[in-house]
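> Below: sequence and its predicted model.
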Amino acid sequence: MSDFPTQARVVIIGGGVIGASTLYHLAKKGWTDCVLLEKNELTAGSTWHAAGNVPTFSTSWSIMNMQRYSTELYSRLGEEVDYPMNYHQTGSIRLAHTKERMQEFERACSMGRYQGIEMEIWTPEQAKEHYPFLETHDLEGVLWDPSDGDIDPAQVTQALAKGARDMGQKIIRFCPATGVTQHDDGSWTVHTDKGDINCDYVVNAAGYYAQRVGEMFKPYGGRTVPMMVMEHQYLLTEQIPEIEAWSKEHGGKLPLIRDVDVSYYLRQEKHGYNLGPYEPNCKAHWVDADDAMPEDFSFQLWQEDIDRIEDIVVDAMARVPLMETSGVSSVINGPIPYAPDGLPLIGPMPGVKNAFEACVFTFGIAQGGGAGKVMAEWIVDGATEWDMWAVDPRRYTDYTDQDYCNKKGMETYGNEYAMHFPHHEWPAARDKKLSPVHDKVIAAGGVMGAYNGWERANWFAQPGDDTSLEATHTWGRSGPWEQRIKEECEAVRDHCGVLDLPGFSRFKISGKGADEWLRGQVTGALPKVGRVGLVYFSDARGRILTEMSVTREAEDMFVLVTAASAQWHDRDLLLANLPEDGSLTLEDWTTRMSTLIVTGPKSREVLSSLTEADLSLPWLSFQETEAAGHWAALLRVSFAGELGWEIHAENESMPAIYDAVIAAGAKPFGMYALNSLRLEKGYRAWKGDLSTDYSMLEGGLERFVKLDKPQDFPGKAAIQAEKQQGAAKSFVTLLVEAGDADAPYMSCVWSGDAIVGETTSGGWGYRVNKSIALGMVRTDLAKPGTELEVEIYGEKCKAVVQEDQPLWDPENARIRA
């Protein structure tokens, strides 16, 4: 092929809507020398048979942002690239059968308004006015989303492709990538049967073939892509005269209906209906040797299995009796990829330099526009406008074996429209990573949650407590756990508690020059030998990348400890910046050791019974010692805000140490109690209070920034500029006059009729006996005593800005005791 490109800045593998959108958005950012490879024709995977719905609804801030952007792009794309588009923004009517569903709608509606989406809460009667064929007698209420609708998947993909080509990009069809080779300088060669292409970056946008493409990257640090494939059906009815008459009278299509408590959508297709269910008795494909994934499944479907969705079809006909007047014209049954949580993979490929993933989209048409924007920002700018951790591939680590992916994918599909209550833990594919004292925690009544695959106790149940999943189906703080969390917090306040905390991400950095190198990475100072400190990493914009505790064991030896979920994110961050001369060594000790938090005013007495360590050493000190006859590292720190220590020890030593701590009188407490305790101290949580949505200065972290140090750490110039101009937002602690529920993440903060900020986390403080929210507000409103309102599931609650100090023990006297 004389016109076959041998050089490109970026090669994208996969020609569905995601690959085309990525190519288009790279061109919009000025990178017009990129290539897209498609093994068949564009749209041949999941795109061609997709239903093409384009909702904005989500209770995830980043997903809503991405989907909102898609609707805005699609509404102008046809004209922008001169390509005909069938895009119908009909609006959608989302039905609620319960009070809890209405609370979810209220929250999404509030988030939507903050992003400029004019969502509304309607009565069932209002829904009937807009949709006369709808039965509404048993509904609690309705959410109206005016921006919802549908688009032709092939047209939007071809429009993005045309726009990209017009700006100079190349698309090569019927040209599968057969392999990749990475060179010493980090660049790539992508191999095809038509020739090789040298490039700087590679993107895996291969849809339901992403796992197979991902295998090519394993020699360069890659892993098995965490995904599986579901069988998804939707049916099309024959034409219905009443719909045709309604459309002619109103000059458009009926609004789309989503009956989320039954689990289906129903929309007008020409003058009939398209019904798409997400059935609980779902079916996975290509999960074993008897049902192996074929080499090519382009433009293919499976045999229909309408019996599996019969119950939902019957329910839909009762909701819209007009459906009963028509027969089924066809059933579409095709493959849809699923990540374990149902969200796509968009971002850096874990462990692989200069490689990215934009794949495993369950709702690729709705998210395609926004995904292309996000992917282009990752590649060109090295950072995204919105914090996109919700879809970052590094959110999954080594626990996501295929068994996990299959079970979670089926669970997620069968609960596609389920509400994600704050005290609910999904049961499928659990116990992937267990603490050395897991059985002891269970025996003590531990009700468990999964944190980066690690099982930790959320709370400790007593005999007779209701630990069923049904008990957790509430947005409120009250439940079987509430009294137990209170008791656990009181034990930490008045005596001593112990929290088993496996899975802390733990990295050891050593070698000549480690001190100087680390100073050049973090925004602030480093602790002295034998001391512990808190450090922050910012990106080039001065925004918060991550927080780590640093223990300095020697002049050039540091142990960095960070959140369990941050393991691969922070590992890649550290590895990307290590000196190329090999002078420094980075070791991941995450699975080698475990941690106990022993904290409370009696914790010194408890520990003195099992160690001869010097427990008079001051706050933020570190020492190596023996505990219950085993080597241990003692760090005098406490995320609970009381006198306390972290005990770090080898896994095999932990059972004996844990038994000794319990025997000395410590009471087990869980993650829910820890969250309450940390809120009272104003301690931030990663990817809630600490994210790239906020700068270091907005986050109230100026005391962890040293602009006068000589090292030019990432973001230094941006932070200097922001300090001169002033931050637009400021971090605040709010006391909230909340009702039955505390403020969830991203609740709107109001001043009068204006949204002036958002909460980043919230909960009940059992020591101060008040509802607390941490958040960001307009800087002029961050003054202590300012009265604002926090919207909690549709209810505006009075909130007062507090002094810039902890609510509990503001002088830190108890920690220093």
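Arrived safely.
> When you work out contacts or count neighbours from here on, use the C-alpha atoms and nothing else.
OK.
> Am I right that Gly699 is in contact with Phe731?
Yes. Contact criterion CA atoms under 8 Å: Gly699 and Phe731 qualify, at 5.2 Å.
> Identify the contacts common to those two.
The contact sets of Gly699 and Phe731 overlap at Met776 (CA atoms under 8 Å, 6 or more residues apart in numbering).
> Compare neighbour counts for the two and give me the winner.
Using other CA atoms under 10 Å as the criterion, Gly699 and Phe731 rank with Phe731 on top: 25 against 22.
> Can you show me the helices along the stretch 401-550 of the chain?
Taking DSSP state H, counting those that start in this stretch to define them, one finds helices in the stretch 401-550 of the chain at 402-414, 438-443, 480-494, 514-519.
> List of residues touching the third one?
Put plainly, it is helix 480-494. With CA under 8 Å, 6+ apart as the test, helix 480-494 has contacts from 459-461, 465-467, 471, 497, 599-602, 640, 642, 667-670, 672-674, 676-677, 766-767.
> May I see the ChimeraX selection of the buried members of the residues you listed?
For anyone working in ChimeraX, the buried entries among those, judged by 16 or more other CA atoms under 10 Å, can be selected with:
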select :459,460,461,467,497,599,600,601,602,640,642,667,668,669,670,672,673,674,676,677,766,767
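> picking up where we left off before, and Leu139, which of the helices of the stretch 401-550 of the chain is closest to it?
Judged by CA to CA, the one of the helices of the stretch 401-550 of the chain that comes nearest to Leu139 is helix 402-414, at 22.3 Å.
> Show me the contact partners of the closest one.
Contacting residues not belonging to helix 402-414 are listed as 226-230, 278-284, 287, 338-342, 428-429 [CA under 8 Å, 6+ apart].
> Using neighbour counts, trim the residues you listed to the buried set.
Buried, going by 16+ other CA under 10 Å: 226-230, 278-280, 284, 338-342, 429, out of the contacts of helix 402-414.
> and these, which two are the farthest apart?
Spatially, the most separated pair among these is Pro226 and Glu279, at 22.4 Å (CA to CA).
> so how far is stretch 60-79 from its chain's centroid?
Between the centre of stretch 60-79 and the centre of its chain there are 19 Å (CA atoms, centre = their mean, to the nearest Å).
> In PDB, could you pull the C-alpha coordinates for the longest helix along the chain?
If you go by DSSP state H, the chain has its longest helix at helix 61-81. Coordinates of each C-alpha in helix 61-81 appear next as PDB, following Å, rounded to 0.1, in the frame of the first residue of the first chain:
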ATOM      1  CA  TRP A  61     -20.200  13.500  38.900                       C
ATOM      2  CA  SER A  62     -17.600  12.500  36.300                       C
ATOM      3  CA  ILE A  63     -20.000  10.200  34.400                       C
ATOM      4  CA  MET A  64     -22.600  12.900  34.200                       C
ATOM      5  CA  ASN A  65     -20.000  15.400  33.000                       C
ATOM      6  CA  MET A  66     -18.900  13.000  30.300                       C
ATOM      7  CA  GLN A  67     -22.500  12.200  29.100                       C
ATOM      8  CA  ARG A  68     -23.500  15.900  29.300                       C
ATOM      9  CA  TYR A  69     -20.600  16.700  27.000                       C
ATOM     10  CA  SER A  70     -21.700  14.000  24.600                       C
ATOM     11  CA  THR A  71     -25.200  15.600  24.200                       C
ATOM     12  CA  GLU A  72     -23.700  19.000  23.600                       C
ATOM     13  CA  LEU A  73     -21.300  17.600  21.000                       C
ATOM     14  CA  TYR A  74     -23.900  15.500  19.200                       C
ATOM     15  CA  SER A  75     -26.300  18.400  18.900                       C
ATOM     16  CA  ARG A  76     -23.800  20.400  16.900                       C
ATOM     17  CA  LEU A  77     -21.700  17.600  15.300                       C
ATOM     18  CA  GLY A  78     -23.700  17.100  12.100                       C
ATOM     19  CA  GLU A  79     -23.400  20.800  11.100                       C
ATOM     20  CA  GLU A  80     -19.800  21.000  12.300                       C
ATOM     21  CA  VAL A  81     -18.500  18.200  10.100                       C
END
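> where does the protein have low pLDDT?
1-2 (pLDDT under 70).
> Phi first, then psi, for the residue nearest to Thr189 when sequence neighbours are not counted.
Nearest residue to Thr189, sequence neighbours excluded (CA to CA, 6 or more residues apart in numbering): Asn198, at 4.3 Å. Main-chain torsions, Asn198, degrees, to the nearest 10: phi -90, psi 140.
> okay, now Asn198: neighbour count?
Around Asn198 there are 21 other residues, counting by other CA under 10 Å.
> Relative to Ile306, how far out is it?
Distance, Asn198 to Ile306, by CA to CA, to the nearest Å: 47 Å.
> same deal with Gln239?
Taking CA to CA, one finds Gln239 at 20 Å from Ile306.
> Give me the more crowded residue out of those two.
Using other CA under 10 Å, the more surrounded residue of Gln239 and Ile306 is Gln239, with 19 against 14.
> The more buried one against Ser326, yeah?
Yes. Between Gln239 and Ser326 a contact is recorded at 7.1 Å, counting by CA under 8 Å.
> From the buried ones among the contacts of helix 402-414, pick the one nearest Phe704.
Proximity of the buried ones among the contacts of helix 402-414 to Phe704 (CA to CA) peaks at Asp341, which lies at 34.5 Å.
> quick one, what contacts the closest one?
Here Asp341 is in contact with Lys408, Gly409, Thr412 (CA under 8 Å, 6+ apart).
> ok, now Ala799?
By CA under 8 Å, 6+ apart, the neighbours of Ala799 are Leu734, Leu735, Val736, Glu737, Glu787, Leu788, Glu789, Val790.
> now do Met111
Met111 is in contact with Thr59, Trp61, Met746, Ser747, Cys748, counting by CA under 8 Å, 6+ apart.
> roughly how far apart are Tyr793 and Cys109?
Distance of Tyr793 to Cys109, given as CA to CA: 9 Å.
> residues near Ala633, how many?
19.
> quick one: contacts for it?
Contact partners of Ala633, counting by CA under 8 Å, 6+ apart, are Phe622, Gln623, Glu624, Thr625, Ile647, His648, Ala649.
> Next, the second one: phi, psi?
The one in question is Gln623. Dihedral angles for Gln623 - degrees, to the nearest 10 - are phi -150, psi 150.
> Go ahead and confirm it touches Gly530.
Yes. With contact defined as CA under 8 Å, Gln623 and Gly530 form a contacting pair (6.6 Å).
> Now flag whichever of the buried ones among the contacts of helix 402-414 is closest to Glu295.
Distances from Glu295 to those, taken by CA to CA, are shortest for Val229, at 14.7 Å.
> what about the closest residue to that closest one other than its chain neighbours, helix or strand, and which?
Using CA to CA, 6+ apart and skipping residues adjacent in sequence, the residue nearest Val229 is Pro337, 4.4 Å away. Taking DSSP states H and E as the definition, Pro337 sits inside strand 328-338.
> partners of that strand in the sheet?
Next to strand 328-338 in the sheet, as set by DSSP bridges, lie strand 228-237 (antiparallel).
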